[in-house]
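> Below: sequence and its predicted model.
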Amino acid sequence: MKKRVVALLKGTFLVSGDAPKNWTFIVFASALATVMIASSHAADRKVHNIAALSEEVKELRSEFVEVRAEAQRLKLESAIRASVAQAGLEPAETPPVKIIVQKEE
């Protein structure tokens, strides 16, 4: 057991007679680890991107609610009267009259 540990620490398995088999496995394991690390980084990037987009959606939704409330306030009759009063317009004293035109035959 002690000889195996010493041989492993010295790296004799890398230069022995069946070393190409060992090197092939080491290269494969290294490539697999590299792919796994790259995949993990890509997933982390996507998670951060999703979090940023979610925050932006919250901000835009809040802005939409504010703008919609302002638009509803501006559509009120009192707001319209105030805005046209600045231009010198006033509401009519008499209601509008419907004009009926009959066709001549």
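Thanks, I have the structure now. Residues are numbered from 1 along each chain as shown.

> Return the distance of the helix or strand where F25 lies from the chain's centre.
Here F25, judged by DSSP states H and E, is contained in helix 19-74. The chain centre lies 9 Å from the centre of helix 19-74; the measure is Cα atoms, centre = their mean, to the nearest Å.

> Check stretch 97-105 too.
Taking Cα atoms, centre = their mean, one finds the center of stretch 97-105 at 60 Å from the center of the full chain.

> how long is that stretch from one end to the other?
25 Å (Cα to Cα, to the nearest Å).

> For that stretch, what does the pLDDT average out to?
Per-residue pLDDT values over stretch 97-105 give a mean of 87.

> Stretch 3-18: end-to-end distance?
18 Å.

> before we move on, the earlier item: got the contact list for whatever helix or strand comes next after the helix holding F25?
Next along the chain after helix 19-74, taking DSSP H and E as the criterion, comes helix 77-85. Helix 77-85 is touched from outside by R73, L74, E90, P91, with contacts defined as Cβ atoms under 8 Å, 6 or more residues apart in numbering. C-betas here are computed from N, CA, C, even on glycine.

> now the angle from the helix holding F25 to helix 77-85?
70 degrees (axes from the mean of the first three to the mean of the last three Cα atoms, to 10 degrees).

> Quick one: residues contacting the closest residue to N22 other than its chain neighbours.
Leaving aside its sequence neighbours, N22 sits nearest to F13 (Cβ to Cβ, 6 or more residues apart in numbering; 5.4 Å). Contacts for F13 (Cβ under 8 Å, 6+ apart) come out as A7, A19, N22.

> Starting from R73, give me the distance back to L89.
20 Å (Cβ to Cβ, to the nearest Å).

> and if you look at P91?
For P91, the distance to R73 - Cβ to Cβ - is 19 Å.

> do A51 as well
On the measure of Cβ to Cβ, A51 and R73 end up 34 Å apart.

> which residue is nearest the middle of the chain?
Centroid check for the chain by Cα atoms, centre = their mean gives L53 as the closest residue, at 2.3 Å.
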